[in-house]
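Enquirer: Need the 3D shape of this:
(chains A and B)
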Amino acid sequence: MPASALRTAHADEPPDPASPITTIATGTRGLRIYTGFIWAVTVAIALVPVFGSNYTKTFVLQALMSCALAASWNLISGFTGYVSFGHSAFFGIGAYATGIAIVRGGMPAPFAIVVAGMAAATAGLLFGYPALRLRGPYFAVGMLGVAEAIRVGVTVAEPVTGGGKGLVLIPEDVLTVAYYAMFAVAVATVLVTYRVATLPVGLRLLAIREDEVAAELNGIQTTRLKIGAFAVSALFAGLTGGIYAWQMSYIDPGTVFAGSLTVRAIAMTMLGGQGTVFGPVIGSVLLSGISEALWAKFPFLHTALSGVLIIAIVLFLPGGITQILQDRGWIPRSRQL
Amino acid sequence: MTEPDRPADPILSVNAVTRRFGGVIAVNGISFGIAPGTVTGLIGPNGSGKSTLFRLISGEIPADSGDIRLRGASITHKSASVINRLGLSRTFQLSRLYPQMTALENLVAVTRTPEREASDRARDSLAFVGLSPVADEFAANLSYGQQKLLEFARVLVNDPDVILLDEPFAGVNPVMEERLCTHIRALRERGKTFLITDHEIKLIMALCSRLIVLDHGELLADGDPAAIRADPRVIDAYFGT
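Expert: Predicted coordinates:
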């Protein structure tokens, strides 16, 4: 992320008249801390394979996976307000596309992961077209149904997918390479989100969230935008699933289509801030860390405690940490954040 | 019914349009044409079909039968976004701004120009309605009158030919009313066409060169304000004594 990307207008300088995105000039000191945190986390993550143990690498890899999934969920659900409970479908499609391409097609892993992204994006286009005609809870439940239907379909298609027993990939020691691949996908997802958020197209997606009928009546081509955002969101979820399958060397329907993947992505995005650029990053860093600490401290209770934490986030932090910092004037109200 | 002189080619024409909601006929076979560069008022008691007609013309809901044309081309089965892109834009009875966006962003979001021009276009629209000082304020924080003006600016940002204003004066103080009237007149001078519905009859009478009166989903009268004011059917249905 270039430093200039997070630059904000100061009170003593006129706003850039060409900039379509508003930045309100408050909390510039807080902004330095905020961006400092993001940079520190990014640099630390980049250095983990150099100095960290295999345990640390595996933990951060999972956190990066969560970050990429949360950021990709945020692209459709955070910006347009179409809350999808079936995001794990695209992660699972990516995982199985990679697995099948490697095991059945003999394809090298990097190409298989690209295929995974394309397969998930195509599925996003195919399912998005009908599903995005639904709104609110109907869309949410509809996507839950899509994820479940694909899971069942993969389970039934045993000759190709291995069915309920799962699919064993060629075991390789790829932890470090997979780590950087996941890091690249997470960064790419955030960069795409940043680009979307700072262009008028990001405002159009937010307009859909605010009032879709008014958006349509004001000439915004809502259907095309929603499907496009859905496909991009699915693309990154698919890439994430592909890298996961490659690194784990084994996948099964119950794991890669698990609803808990979606729930965690939603909770992380809500914690950091929906419809923001760095909200999913902050949410995934914090929630991954807290979950790991709970697991270490309360090995028999950590699942229940994580559930309580997610409920607390929904109840007490619906706007997320980013909004709280903005409401208190600690960081600017900027679409760049 | 008094029929003022109109050019042969209306910019907007509504031909025998009907819309039912269950057993209720909200709009029943209404026909009229609007000449370009005019301000026309659409009035009638509550439930007379004004808002439904606006929704039909702007493509928010489809007509059961009949035809709506913009510059001679049918828009009856076009989507709302396509109709807007063809040059017909509208405001709403209750403002439908994007509250979590700033005034400027509300306009940039709908501007159909390249990215670098979008901000300039949006700032021009804000300046036209006098909202430049609140460009960076969230729409939710604006006063009701400012929200009405912002919605008006949002309509103007893509330079439409036909503008539908749904109760633009409702809940607006006299100063804002006068500002809105001034803007409408200025835009009419630039060739814009307005169809306005409102219950502020004095303002409508002063602003419009023609009035269309609806009652129970049907066209009751169509003429210049003086003729409408004297029409006994309109007096009976709408003005009272």
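Enquirer: For chain A, see how far away residue B:225 is.
Expert: 29 Å (C-beta to the nearest C-beta, to the nearest Å). In this view, the C-beta of every residue, glycine as well, is placed from N, C-alpha and C.
Enquirer: Surely that residue is in contact with residue B:203?
Expert: No. Assessed by C-beta atoms under 8 Å, residue B:225 is found out of contact with residue B:203, at 11.2 Å.
Enquirer: Same drill for those two, tell me which one is more crowded.
Expert: Set side by side, residue B:225 and residue B:203 show more neighbours around residue B:203, with 21 against 17, by other C-beta atoms under 10 Å in any protein chain shown.
Enquirer: For the helix or strand hosting residue A:36, C-alpha coordinates in PDB please.
Expert: Take DSSP states H and E as the rule and residue A:36 turns out to sit in helix A:28-51. Written as PDB, here are the backbone C-alpha positions of helix A:28-51 (Å, rounded to 0.1, in the frame of the first residue of the first chain):
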ATOM      1  CA  THR A  28      -4.900  13.000  11.600                       C
ATOM      2  CA  ARG A  29      -2.800  11.900  14.600                       C
ATOM      3  CA  GLY A  30      -5.100   8.900  15.000                       C
ATOM      4  CA  LEU A  31      -4.700   8.300  11.300                       C
ATOM      5  CA  ARG A  32      -1.000   8.000  11.800                       C
ATOM      6  CA  ILE A  33      -1.400   5.400  14.500                       C
ATOM      7  CA  TYR A  34      -4.100   3.600  12.400                       C
ATOM      8  CA  THR A  35      -1.900   3.400   9.300                       C
ATOM      9  CA  GLY A  36       1.100   2.600  11.500                       C
ATOM     10  CA  PHE A  37      -0.800  -0.400  12.900                       C
ATOM     11  CA  ILE A  38      -1.700  -1.600   9.400                       C
ATOM     12  CA  TRP A  39       1.900  -1.200   8.200                       C
ATOM     13  CA  ALA A  40       3.400  -2.900  11.300                       C
ATOM     14  CA  VAL A  41       1.000  -5.800  10.900                       C
ATOM     15  CA  THR A  42       1.900  -6.100   7.200                       C
ATOM     16  CA  VAL A  43       5.700  -6.000   7.800                       C
ATOM     17  CA  ALA A  44       5.400  -8.400  10.700                       C
ATOM     18  CA  ILE A  45       3.400 -10.900   8.600                       C
ATOM     19  CA  ALA A  46       5.900 -10.600   5.700                       C
ATOM     20  CA  LEU A  47       8.700 -11.500   8.200                       C
ATOM     21  CA  VAL A  48       7.100 -14.400  10.000                       C
ATOM     22  CA  PRO A  49       8.400 -17.100   7.600                       C
ATOM     23  CA  VAL A  50      11.900 -15.700   8.200                       C
ATOM     24  CA  PHE A  51      11.900 -15.600  12.000                       C
END
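Enquirer: And that helix, what's buried?
Expert: Buried residues in helix A:28-51, counted by 16 or more other C-beta atoms under 10 Å in any protein chain shown: A:30, A:31, A:34, A:35, A:38, A:41, A:42, A:45, A:48, A:49.
Enquirer: Next: stretch B:61-81.
Expert: Neighbour count says stretch B:61-81 has B:63, B:66, B:68, B:69, B:70, B:71, B:75, B:76, B:78, B:79, B:80, B:81 buried, by 16+ other C-beta under 10 Å.
Enquirer: Among those residues, which lie within strands?
Expert: With DSSP state E as the criterion, strands contain B:66, B:68, B:69, B:70 from among the buried residues of stretch B:61-81.
Enquirer: and which of those is nearest to residue A:157?
Expert: residue B:68 (50.2 Å; C-beta to C-beta).
Enquirer: which residues does the closest residue to residue B:91 other than its chain neighbours contact?
Expert: Spatial nearest neighbour of residue B:91, chain neighbours left out: residue B:151 (4.7 Å); criterion: C-beta to C-beta, 6 or more residues apart in numbering or on different chains. Residue B:151 is in contact with B:91, B:92, B:95, B:96, B:97, counting by C-beta atoms under 8 Å, 6 or more residues apart in numbering or on different chains.
Enquirer: Tell me the spacing between the residue at minimal distance from the centre of chain B and residue B:190.
Expert: The residue lying closest to the centre of chain B (C-alpha atoms, centre = their mean) is residue B:164, at 1.6 Å. Between residue B:164 and residue B:190 the computed distance is 17 Å (C-beta to C-beta, to the nearest Å).
Enquirer: swap in residue A:126?
Expert: Separation of residue A:126 from residue B:190 (C-beta to C-beta) stands at 47 Å.
Enquirer: same check, this time on residue A:216
Expert: Separation of residue A:216 from residue B:190 (C-beta to C-beta) stands at 27 Å.
Enquirer: who's more crowded, those two?
Expert: residue A:216 (23 against 8).
Enquirer: Show me where chain A dips below the pLDDT cut-off.
Expert: In the predicted model, chain A carries pLDDT under 70 at residues A:1-28.
Enquirer: if you set the cut-off to 90 instead, what comes out?
Expert: A:1-41, A:49-52, A:133, A:135-137, A:164, A:170-174, A:198-199, A:275, A:291-337 (pLDDT under 90).
Enquirer: what about residue A:260, neighbour count?
Expert: The tally of other residues near residue A:260 (other C-beta under 10 Å) stands at 12.
Enquirer: Let's verify it: helix, strand, or coil?
Expert: Under DSSP: H, G, I helix; E, B strand; the rest coil, the three-state class of residue A:260 is helix.
Enquirer: what do you get for residue B:17?
Expert: Residue B:17 - assigned by three-state DSSP - is strand.
Enquirer: near chain B, which residues of the stretch 201-337 of chain A show up?
Expert: Contact residues (C-beta under 8 Å from any C-beta of the partner chain) of the stretch 201-337 of chain A with chain B: A:203-204, A:206-207, A:210-211, A:213-222, A:335.
Enquirer: In helices, which of those residues fall?
Expert: A:203, A:204, A:206, A:207, A:210, A:211, A:213, A:214, A:215, A:216, A:217, A:222 (DSSP state H).
Enquirer: Need the mean per-residue confidence for stretch B:90-99.
Expert: For stretch B:90-99, the mean per-residue pLDDT is 91.
Enquirer: no no, stretch B:42-49
Expert: Stretch B:42-49 shows a mean pLDDT of 90.
Enquirer: Tell me the buried residues in it?
Expert: Applying 16+ other C-beta under 10 Å to stretch B:42-49 flags B:42, B:43, B:44, B:45, B:48, B:49 as buried.
Enquirer: Quick one: residues in contact with it.
Expert: With C-beta under 8 Å, 6+ apart, stretch B:42-49 has contacts from B:26-28, B:30, B:50, B:53-54, B:195-199, B:201, B:204, B:211-218, B:220, B:237-238.
Enquirer: now those residues: which count as buried?
Expert: Members of these classed as buried by 16+ other C-beta under 10 Å are B:26-28, B:30, B:50, B:53-54, B:195-198, B:201, B:204, B:211-215, B:217, B:220, B:237-238.
Enquirer: quick one: which of those sit in strands?
Expert: Counted as lying in strands by DSSP E, out of these, are B:26-28, B:30, B:195-197, B:211-215, B:220.
Enquirer: Closest to residue B:12 out of the buried residues of helix A:28-51?
Expert: When the buried residues of helix A:28-51 are ranked by distance to residue B:12 (C-beta to C-beta), residue A:31 comes first, at 49.3 Å.
Enquirer: The closest one and residue A:329: what is the separation?
Expert: 11 Å.
Enquirer: What of residue A:149?
Expert: Residue A:149 is 47 Å from residue A:329, by C-beta to C-beta.
Enquirer: tell me, how many neighbours does the residue lying closest to residue A:199 once chain neighbours are set aside end up with?
Expert: Spatial nearest neighbour of residue A:199, excluding adjacent residues (C-beta to C-beta, 6+ apart): residue B:115 at 6.1 Å. Per other C-beta under 10 Å, the neighbour tally for residue B:115 reads 16.
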